[in-house]
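Peer 1: Below are the sequence and a predicted model; questions follow.
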Amino acid sequence: AQKVTQAQTEISVVEKEDVTLDCVYETRDTTYYLFWYKQPPSGELVFLIRRNSFDEQNEISGRYSWNFQKSTSSFNFTITASQVVDSAVYFCALSEVNTGTASKLTFGTGTRLQVTL
Amino acid sequence: KAGVTQTPRYLIKTRGQQVTLSCSPISGHRSVSWYQQTPGQGLQFLFEYFSETQRNKGNFPGRFSGRQFSNSRSEMNVSTLELGDSALYLCASSENLEINSPLHFGNGTRLTVT
């Protein structure tokens, strides 16, 4: 069965520090998608990135970057020069072809990031 | 485009009652799914609707049900509420059923059962 593990429950950093959020997944599918979502205190989950299982290229978007390594089943997320506005809970999620739908995501337990001044 | 809208934002109900939550997807999105978020169990998939048909259902008891209307708006209902049903219920919409189609979530409805 599919599983997503976010071992870091909570991380605290000082503004401008770099921080990496870890995500390890398990799946028997060869075709799958990985996602990162951000959940600010307001509650909604904000989509950050999607990566398919055939694309191991790292991606950078502004201060955000993602490192996908199939060899270690990891999809880590790095925030460079963190800001207070980055404070939120971050979720890694997995979507498998065999579920027949994009909507049945398996989420990790989330990592709460606290950025202080 | 307006985002996913969920109403109400907060609900307080008593054990044994029933509750209906509403979700309006992003315009043009035809798939609506529901998730339950609790501190203990995290985010769990409830069900998904597409073109008024339930496509997938998570591992929840029959007390949890939903439906989708022709305009893609969706409702979920929980009958005979239990204390353990207290949670944040999140609705999400996506353009289609493709696996790579990201979900766009609403702010959620926080249900408290007393």
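Peer 2: Perfect, I can see it now. Computed from a prediction, not measured in an experiment: that's the story for all the values here.
Peer 1: Direction included, what does the host helix or strand of B:Ser22 pair against?
Peer 2: Using DSSP states H and E, B:Ser22 sits in strand B:19-24. Taking DSSP bridges as the criterion, strand B:19-24 sits next to strand B:5-7 (antiparallel), strand B:74-78 (antiparallel) in its sheet.
Peer 1: any idea which element the one residue sitting closest to the centre of chain B lies in?
Peer 2: For chain B, the residue nearest the mean C-alpha position is B:Trp34 (3.1 Å; CA atoms, centre = their mean). Taking DSSP H and E as the criterion, B:Trp34 maps to strand B:31-38.
Peer 1: Contacts made by that strand with the rest, please.
Peer 2: The set of residues external to strand B:31-38 that reach it, using CB atoms under 8 Å, 6 or more residues apart in numbering or on different chains, is A:101-104, B:23, B:25, B:43-50, B:55-56, B:60, B:66, B:68, B:72-74, B:76, B:86-97, B:101, B:103, B:105, B:108. Yep, even glycine has a C-beta here, placed from its N, CA and C like the rest.
Peer 1: Of these, which belong to strands?
Peer 2: Taking DSSP state E, the ones among the contacts of strand B:31-38 that sit in strands are B:23, B:43-50, B:55-56, B:66, B:68, B:74, B:76, B:87-94, B:105.
Peer 1: before we move on, back to that, excluding sequence neighbours, find me the nearest residue to the residue nearest to the centre of chain B.
Peer 2: Among residues not flanking B:Trp34 along the chain, B:Leu46 sits closest, at 4.1 Å (CB to CB, 6 or more residues apart in numbering or on different chains).
Peer 1: So B:Glu75 sits against B:Gly66, correct?
Peer 2: Yes - using CB atoms under 8 Å, B:Glu75 is in contact with B:Gly66, at 6.3 Å.
Peer 1: Look at the two and report which has more neighbours.
Peer 2: Each of B:Glu75 and B:Gly66 has its neighbours counted (other CB atoms under 10 Å in any protein chain shown); B:Gly66 has more, 22 against 17.
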